[in-house]
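>>> everything below, folded, please.
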Amino acid sequence: MDFAYIFSGFAVGLLVGFTGVGGGSLMTPLLVFLFNFSPAVAVGTDLLFASITKTCGVWVHHGTHGSVNWKIVRQLAYGSLPAALLTILLLRYLHQNSKDISGIITYSLGFALILTSIAVLIRSYLQRHAPPLSNESSVGRFGDKQLPYTVFTGFVLGVLVTLSSVGAGALGTVALFFLYPRLPAIKIIGTDLAHAIPLTAIAGLGHLSLGNVNPTLLLSLLIGSLPGIWIGSHLSARIPDKILRPALASVLLLIGLKFVLK
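Reported below is the predicted structural model:
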């Protein structure tokens, strides 16, 4: 069974390399439907998995490309990190009072997957219709109100990611494309990756404290996913984006509906 986990990590890593969509939207449903893990364990394990794999990505984006806007990362974190802590405290309270949190997590997971399927489709549209780049001081869409909008976006992402492990990738980049339409795409991706690390780490450690992390599963997924991401990234140019993205969005939409209607 450990080999099956490793192979699943490799397959998801391959798809992440192809599409750039976060592993949570692919990995968590796989753990629930194929391996029959509870939604809570699937979410908790995937959050720590994401925090480790995304750290490698940020190392490249910051060290090689210099493509992380740390000011935006901080502003998102002002909202997302407190939101993650509050959500974990709420889940702990419900758990201690014998409330079943699996229904909340399952519904949140379905809702996040539906949003992600939409995000996969509209991200290219936002990129194509972004205003011309002027200078980085005016990249925000809302001028003087940019800070509260960014913090609020971080708060929403914090709640959603902590409940579902989905959203730090596709939803985060789409939100940044909308909030900062003049920011180059490479900086959008690098900034989103950098913000996702503390968010998924705090949310994952919170789930670990609730007993929602399987260490053996986590290690197996990491062993498989890292080479998968590397290979997928190098092969991504060979598959037409106009075919791959609609197909992926359709799959995520169907899975999301299955969770919501479960």
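>>> spatially central residue for this protein, please.
residue 168 (2.8 Å; Cα atoms, centre = their mean).
>>> helix or strand: which one has that residue?
When elements are assigned from DSSP states H and E, residue 168 belongs to no helix and no strand.
>>> neighbours around the residue nearest to it when sequence neighbours are not counted, how many?
Counting by Cβ to Cβ, 6 or more residues apart in numbering, residue 196 is the residue found nearest to residue 168 once chain neighbours are left out, at 3.9 Å. (Glycine included, C-beta is placed from N, CA and C.) Using other Cβ atoms under 10 Å, residue 196 has 29 neighbouring residues.
>>> so what does the residue nearest to the centre of the chain look like in phi/psi?
phi -70, psi -20 (degrees, to the nearest 10).
>>> any idea of the pLDDT on it?
Each residue has a pLDDT score; the one for residue 168 is 79.
>>> how about residue 24?
77.
>>> how many neighbours does it have?
With other Cβ under 10 Å as criterion, residue 24 counts 31.
>>> OK, contacts around it?
Contact partners of residue 24, counting by Cβ atoms under 8 Å, 6 or more residues apart in numbering, are 46, 47, 50, 161, 164, 165, 166, 167, 168, 169.
>>> do the same with residue 147
Counted by Cβ under 8 Å, 6+ apart, residue 147 has contacts residue 75.
>>> could you rerun that using 10 Å?
Counting by Cβ atoms under 10 Å, 6 or more residues apart in numbering, residue 147 makes contact with 71, 75, 78, 140.
>>> host element of it?
Residue 147 is located in helix 146-164, with elements delineated by DSSP H and E.
>>> and that helix, average pLDDT?
95.
>>> export it as PDB, just CAs?
Output of helix 146-164 as PDB, limited to C-alpha atoms (Å, rounded to 0.1, in the frame of the first residue of the first chain):
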ATOM      1  CA  GLN A 146      -5.600  47.900  -1.800                       C
ATOM      2  CA  LEU A 147      -4.400  46.900   1.700                       C
ATOM      3  CA  PRO A 148      -7.900  46.100   3.200                       C
ATOM      4  CA  TYR A 149      -8.900  44.200   0.000                       C
ATOM      5  CA  THR A 150      -5.700  42.200   0.100                       C
ATOM      6  CA  VAL A 151      -6.000  41.400   3.800                       C
ATOM      7  CA  PHE A 152      -9.600  40.300   3.400                       C
ATOM      8  CA  THR A 153      -8.600  38.100   0.500                       C
ATOM      9  CA  GLY A 154      -6.000  36.500   2.700                       C
ATOM     10  CA  PHE A 155      -8.600  35.900   5.400                       C
ATOM     11  CA  VAL A 156     -11.000  34.100   3.000                       C
ATOM     12  CA  LEU A 157      -8.100  32.000   1.700                       C
ATOM     13  CA  GLY A 158      -7.000  31.200   5.200                       C
ATOM     14  CA  VAL A 159     -10.500  29.800   6.200                       C
ATOM     15  CA  LEU A 160     -10.900  27.900   2.900                       C
ATOM     16  CA  VAL A 161      -7.500  26.400   2.900                       C
ATOM     17  CA  THR A 162      -7.600  25.300   6.500                       C
ATOM     18  CA  LEU A 163     -11.000  23.600   6.000                       C
ATOM     19  CA  SER A 164     -10.300  22.000   2.700                       C
END
